[in-house]
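1. build me a structure from this.
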Amino acid sequence: MSVAKFNIDHLLELCRIKISAQEKESLEKDLLKILEYVEMLDKVDTSKVSQQDLKSHKNVLRSDSAEIFKTAPLSLIDQFLESENNYLKIPPIFDHD
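-> Residues are numbered from 1 along each chain as shown. Below you'll find the predicted structure:
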């Protein structure tokens, strides 16, 4: 698997960072090493692992549940730059050009 330069440029654009050509080359080498490591997982022999073995595992973590606050933590909202109706207002993340 290879990482093309345009993919790295696209990744940098998505991250909104600018790096030098030397740093970009180093990043490309690091990404290639990561992808080579992941490719090793494709070579692992899983023929002796049955579907039943995979189903026998149980989730030992607590259940995930949302906590609903009847009142917003006003002390936090008061510290934020902008708020409206107890919601925090932030600048947009994506530009819609």
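
2. look up how far Q52 lies from I77.
-> 51 Å (C-beta to C-beta, to the nearest Å). Any C-beta I mention is one placed from the backbone N, CA and C, and that applies to glycine too.

3. those two: which is more packed in?
-> Per other C-beta atoms under 10 Å, whichever of I77 and Q52 has more neighbours is I77, with 15 against 7.

4. tell me which helix or strand comes right after the strand or helix carrying the more buried one.
-> Using DSSP states H and E, I77 sits in helix 74-79. Sequence order places strand 83-84 as the next helix or strand after helix 74-79, per DSSP H and E.

5. direction included, what does that next one pair against?
-> According to DSSP bridges, strand 83-84 has the following sheet partners: strand 87-88 (antiparallel).

6. starting at the chain centroid, how far to the strand it pairs with?
-> Here strand 87-88 shows a centroid-to-chain-centroid distance of 24 Å under the convention C-alpha atoms, centre = their mean, to the nearest Å.

7. how about stretch 58-71?
-> So, by C-alpha atoms, centre = their mean, the centroid of stretch 58-71 is 21 Å from its chain's centroid.

8. got the contact list for it?
-> Stretch 58-71 is contacted by no other residue when judged by C-beta atoms under 8 Å, 6 or more residues apart in numbering.

9. mind running it again at 10 Å?
-> The contact list for stretch 58-71 (C-beta atoms under 10 Å, 6 or more residues apart in numbering) reads N86.

10. what does the average pLDDT come to for it?
-> The pLDDT scores in stretch 58-71 average 75.

11. could you pull out the buried residues of it?
-> By 16 or more other C-beta atoms under 10 Å, stretch 58-71 has no buried positions at all.
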